[in-house]
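Engineer: need a structure here:
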Amino acid sequence: MPPIVTILLVLALAIVAVLFITSRNPTQVSEEQAQKFSKIIRILIIVMMVAMVVKACTG
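Structural biologist: Below you'll find the model as predicted:
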């Protein structure tokens, strides 16, 4: 089995698991929490991009 098929299967299983878990315990996210999560995600994306640049320049 090609590696891409394995990756896609694992990704599909992860999505199904997340949907199953979140549908059982639905929680409402307040506007303040959404803003907090948005800031955290933006920071993590920047950190990931910097790490990719460092890896590309050193590897």
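
Engineer: For this protein, which segments count as strands?
Structural biologist: In order along the chain, the chain carries no strands (DSSP state E).

Engineer: so what pLDDT did the residue nearest the centre of it get?
Structural biologist: Note on the chain: the residue nearest the mean C-alpha position is I41, at 9.0 Å, using C-alpha atoms, centre = their mean. On pLDDT, I41 comes in at 95.

Engineer: and what of I21?
Structural biologist: According to the prediction, I21 has pLDDT 87.

Engineer: Determine how far stretch 49-59 lies from the middle of the whole chain.
Structural biologist: Once both centres are worked out by C-alpha atoms, centre = their mean, to the nearest Å, stretch 49-59 turns out to sit 19 Å from its chain's centre.

Engineer: Can you mark which positions in that stretch are buried?
Structural biologist: Under the neighbour-count criterion of 16 or more other C-beta atoms under 10 Å, stretch 49-59 has nothing buried. The way it works is simple: take the backbone N, C-alpha and C, and place the C-beta from them, glycine included.
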